[in-house]
Structures are given as C-alpha cells and as structure tokens.
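# Sequence first, then the predicted structure:
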Amino acid sequence: MRFISGIFVTCCLFLTLVCYAQQDYQVSGYVLDAETGEPVPFASVGIPEQNRGISANINGYFRLLVPENNPDHHLHISSIGYQRLIIPLAEVEWDQERRFQLKPETRVLEEITIVGKSQSLEEMVKSTSKNRKIYMRSTPYLMNGYYREILNIDGHTGGFTEGQGILYMNGYDRRYKNNTRHLTYDLIQWKHLRRSDYPRPDYLEVAVLLKAKDYYLHDGPLHQRNLNRFNYTVTDSTSYQDRLVMEISFKPKEQYARQLPYHGKFYVKEDDQALLRLEIEAVGQEPFLRTDTEEQDISGGFQVSFILFEGQYYLGQCGYHREYTHQGKKFDWQLQLVGASFSDQQAMFLNPHQRTVLYSEMLNPEVNYDPNFWDNFSLAQQDDLDPDLKSQFQQHHQQRLIPLPEGFLNYEQMANDRGALDFIMQR
C-alpha cells in the first residue's frame, strides 16, 4: 500500500506541473479561408524556434502565449489543404486579435499517379498502420486541452459542459487491447469546468470520446488484422506544410460489414506515411460501447487529427457524435476535445495499474466554477445556449461528476481497488 501511495503522489506531482514558463506576449485571432472567409478549424499554430505550438478550435480561433519576442523567429500556421502561412514575429501585432488567411492549395490529381509509381496503395496503407507509433507517439506527453460536450434532445439543448485542463496522453502501446480490464484511455486533470444539469446521472462523456479514439486508432481500419477486411481507394491529393498528402477512402468488404459497421477516409502524409486525419461514419451499435437494446436508429461519427510540430506529432483534436432514439425521443451527443499546448519534458511513463490507480482522482477532481475564466475565453459560441442552462453552471462545482460505485465510501477506497472502475469501462 505504501508503494502505491508513493506512485500516486509522484505521478500527481508530475501531472500537476505547469507546462510552460511565464509568458509575456500574446498573439490571438481567427484562421480563415482566404477565398471563402470561412473559419479553418483545428489549424496548427506555432513558433518552431521556441518549440511552442497549439491547435485552433472549431471556429478557427486560437490564443498563443509567447515568452520571447525575437524578431528573427516566425509564426507558422498550417492546415491540410492550405498553403502554409509564415509570419516574422517582427510583424505580429501583439495583444490584438487579427484574422489570418490561409490560401487553399491547388489539388493536383496527377500526383497520385506519381506516387503510385513509387509505392502502391497497399504498401502505403501498411506503412501507415506500421507507423502508428510515430503519429500516436511511443512516449507519453502532457497536453493542455479544452473539452466541449453538448446533449441535444428532440432538437433542443438538454445538457452542456465545457472543461479546460491537463491531459496525460499515454501514447502508442503495441500491447493495447480494447477489452482489457485496466483503463487504456488518457487521464485528465481539470483546471476549469462548467456544467449544466442533465436529464440523467452526472457522468462525464469525455470517457466515451477517449474510448472512441483508442478504438478507432488501435482496432480500426489501420489495425494490421483489418487491412484485408477493408477496400481502400485513393480519392484525392492535397498538401500539409508543403508536403504531399494522400486522401484514402475505405469501406468494409461485404463479408465484414456487420463486424465493422463503419466507413470513412483518412489523410496520409506521403513522405513518412503518417496519419494526419481520420474520419469515421458509423451505423449501428459501435463495438467499444455497451449495447443498449432500448436504443434504436443508432448512427454516429468520429474524427481525429494530428499536427506536426518540430518533427513530432501531437493530437490536434478529436470529436465524436452519436444519434439514437430512446423511449420515443431523439438524442444527439456531440463531444469534442482540442489540444492547446504540449509538453514532452514532464510526462513520465505510467503502467496500466498506475493509470487505474490515478484515474479516480485525475479524471474528475473537485473543480470550482470560475466565471472570470470563462468570460475571457472564446472556446465556443454561446449565443444559442438556453439561458436557463447558463444559470446552472454555478450549481455544479465542488462535486464529483462520476458517482461512487455502490459499496464504496470514498474515492481513495475506490482508487485502491483494481476492479472498482469496471463499471466505467462497461459504459
């Protein structure tokens, strides 16, 4: 018991460290399509000379804190399908929001033929599968991230949650098995959280989002055993950071359609066969979720993207939505997680048992509602949110969002029981 407690204290110290030093400068604004004026969601923004990078949110908004105003350094903004924008820091307007326009990259279909001569589609897909440890990272890292969760019932908002905190990204593990008892998805320590009432127990659905991420990246269309169960087709080409990117569509072969009830496409960086983006459309019950016989007309979708920064890949964003009918009502869950900054230096490796011990404390600690933080943050558009839901936020602080299982008196007791978290895994 003393050994486990020591691990717990040490890991908490690592996970609660601040990921960056004192910042003195701020650059913020919106990344927009230069032709349409529409936001470019999840664009990667960074200063390579300072090893600092973030991902814009779904509205193209970002806010980057910069410790050094060196005029010889450069701000880089890039996204799949656009020309990279490079701006010297000497030209940056500090502490003022501005609009950054990305020019769409001309798609050259002939490039597909050129690639085909050097490497077949089958070889490229196999390489992307084999290179999962590159873009998923074989070593853990810390990510400062933002989370948003919306529940719509019959077209009306029935619940709303936003959170900001530190995520421990456990990285690629070739021994991963989705059906193992220990928790395989990432750990979170919330710093800021606001949450409305829900017409159901107060579970935090971020666990479902992260389980979807692990399932589709580990057991999905790029798993070695599934490579012969899908049909793959190169459908287009584009670019990312001045490198050729191939768009590859996939769908299950007829005999595997029931076992693998989803299809989609992914974007592969041609020079290193790294996955940049994966998009999934699913119909029916997804294998990583508990089957609910009362749910009908089930459909869903998932997407995940990675950003390349200083030779390393990081999680840019992942999103999951699920629609179904239950007791005559139409439910629509929308979940989204966006990376805001990254740190490699402070993340230590945690084995499965250590992650299980930490989970009960790190996923949902007691978090106070801080209106000053949310009033100054542009994570999401709130205009269409019911005023009654906004007024509920303050009622949901200083409490756990995952209730204790029956038979446990406190979370410390649950943390010391290796099987106590199975109820979460079965959700």
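Right, received. Where do you want to start?
# Can you spell out the domain ranges of this structure, please?
According to automatic domain parsing, the chain comprises the domains 18-102, 110-425.
# worst average pLDDT in those domains?
The minimum mean pLDDT among the domains of the chain belongs to domain 110-425 (a mean of 77).
# that older thread, for the domains of the chain, please prepare a markdown table with the additional fields mean neighbour count.
To be clear about C-beta, it is placed using only N, CA and C from the backbone, and glycine gets the same treatment. Shown next, in a markdown table, are those (neighbours: other Cβ atoms under 10 Å):
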| stretch | mean neighbour count |
| --- | --- |
| domain 18-102 | 17 |
| domain 110-425 | 17 |
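# For residue 65, give the beta-bridge partners.
residue 26 (DSSP bridges).
# quick one: it and residue 190, what's the gap?
20 Å (Cβ to Cβ, to the nearest Å).
# next one: residue 239
Taken as Cβ to Cβ, the span from residue 239 to residue 190 is 37 Å.
# same check, this time on residue 409
Here the criterion is Cβ to Cβ. By it, residue 409 lies 23 Å from residue 190.
# likewise residue 318?
17 Å.
# Same check on residue 151?
19 Å.
# and what of residue 70?
34 Å.
# now swap in residue 68 and tell me
30 Å.
# Identify the bridge partners of residue 299.
On the basis of DSSP bridges, residue 299 is bridged to residue 283, residue 323.
# what do you get for the one 10 residues further on?
When assigned by DSSP bridges, residue 309 has beta-bridge partners residue 312.
# Now do the same contact list for it.
Contact partners of residue 309, counting by Cβ atoms under 8 Å, 6 or more residues apart in numbering, are 44, 46, 48, 53, 342.
# would JSON lines of these with distance to residue 131 and secondary structure be doable?
As requested, the contacts of residue 309 are exported to JSON lines (distance: Cβ to Cβ, whole Å; DSSP: H, G, I helix; E, B strand; the rest coil):
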{"residue": "44", "distance to residue 131": "19", "secondary structure": "strand"}
{"residue": "46", "distance to residue 131": "22", "secondary structure": "strand"}
{"residue": "48", "distance to residue 131": "22", "secondary structure": "helix"}
{"residue": "53", "distance to residue 131": "21", "secondary structure": "strand"}
{"residue": "342", "distance to residue 131": "20", "secondary structure": "strand"}
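# Can you classify residue 409 by secondary structure?
On the three-state scheme (DSSP: H, G, I helix; E, B strand; the rest coil), residue 409 is labelled coil.
# ok so, going back, which two among the contacts of residue 309 are spaced furthest apart?
Pairwise distances across the contacts of residue 309 peak at 13.1 Å for 48 and 342 (criterion: Cβ to Cβ).
# Where do the helices of the stretch 151-300 of the chain begin and end?
Along the stretch 151-300 of the chain, counting by DSSP state H, counting those that start in this stretch, helices occupy 206-218.
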